[in-house]
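Q: Just need the structure, nothing else, for what follows:
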Amino acid sequence: MKKFFAVLSMLMMFSFSVMADDLSDVKTYTQKVIDDAIVKIFNKDLKTTAERIPPFRKVLNANLDFDFISNFVLGVYARDLKPAQKDNFIKEFEELNVYTFAKKFALYSDQKIQVGDVKPGKKEGQYFVSSKVISNNPGDKDYVVDWRIVKVGDTYKVIDVIIEGVSMAMSYKNEYAPILKAGSDEGKSPVEYLTNKIQDKVVKLKLSDDV
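A: Numbers count the residues shown, from 1 in each chain. Next up, the predicted model:
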């Protein structure tokens, strides 16, 4: 019996050690993603939005799990998609997020993002990382940004960003649900209908000067 408890204790200690290592790795990964994104969007050698977007796109495409997020956002409409339809949606959805996030990160010119605690999620391999956007201007409010991270093989990916309690993924899901239904009601492919709407929005963002 004593031997059993000794082995059990060793296994538990090993398990806690592995979890601690995982949490540390997740925190390091999240900080790197944030730092890389800010460096790319604020590179002083890049004078225009057109110059800043390509390197910023690389950071997002490398770190956001767009396949996972797309499946969540589309819900039941993702089930019967042909590969070409899904690829086209993800392509436009990626582009929308590149310009949307570029605009958000552009607001951080006088702020820094400090990564805080990491907590394991309910599902194995998922984590929640807290961070705080801290302003250098006295009187400005700090606000909380949480990152939902998933382990993919030997690396990690971002599957949601939650700003002051508002989930990016859930916001997209709620926004797109009536559009998908409208496409279905009109007898069109719901996802292709939504993809065209996103494409129109991306075109407007690219023409906008406020990114």
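Q: any idea how far Val191 is from Pro178?
A: 14 Å (Cβ to Cβ, to the nearest Å). Quick note: C-beta positions are derived from backbone N, CA and C, even for glycine.
Q: who has more neighbours, these two?
A: Val191 (24 against 10; other Cβ atoms under 10 Å).
Q: pretty sure the more buried one is in contact with Asp87, am I right?
A: No - contact criterion Cβ atoms under 8 Å: Val191 and Asp87 do not qualify, at 11.1 Å.
Q: Show me the shaky parts of this protein.
A: 1-21, 39-44, 46-48, 104-110, 209-211 (pLDDT under 70).
Q: May I see the buried residues of the helix or strand hosting Phe72?
A: Element membership for Phe72 (DSSP states H and E) is helix 66-74. Across helix 66-74, burial judged by 16 or more other Cβ atoms under 10 Å covers Phe66, Phe68, Ile69, Ser70, Asn71, Phe72, Val73, Leu74.
Q: any idea which of those residues is the one closest to Tyr29?
A: Nearest to Tyr29 out of the buried residues of helix 66-74 is Phe68 (Cβ to Cβ; 16.0 Å).
Q: For Glu192, grab phi and psi.
A: phi -70, psi -40 (degrees, to the nearest 10).
Q: Please list all residues in contact with it.
A: Gln85, Asn88, Gly183 (Cβ atoms under 8 Å, 6 or more residues apart in numbering).
Q: Could you tell me the angle between the helix or strand harbouring Arg52 and helix 66-74?
A: In the assignment (DSSP H and E), Arg52 maps to helix 49-63. Here helix 49-63 runs at an angle of 90 degrees relative to helix 66-74 (axes from the mean of the first three to the mean of the last three Cα atoms, to 10 degrees).
Q: What is helix 49-63 packed up against?
A: When contacts are defined as 3 or more Cβ pairs under 8 Å, 6 or more residues apart in numbering; DSSP states H and E, helix 49-63 sits against helix 2-41, helix 83-105.
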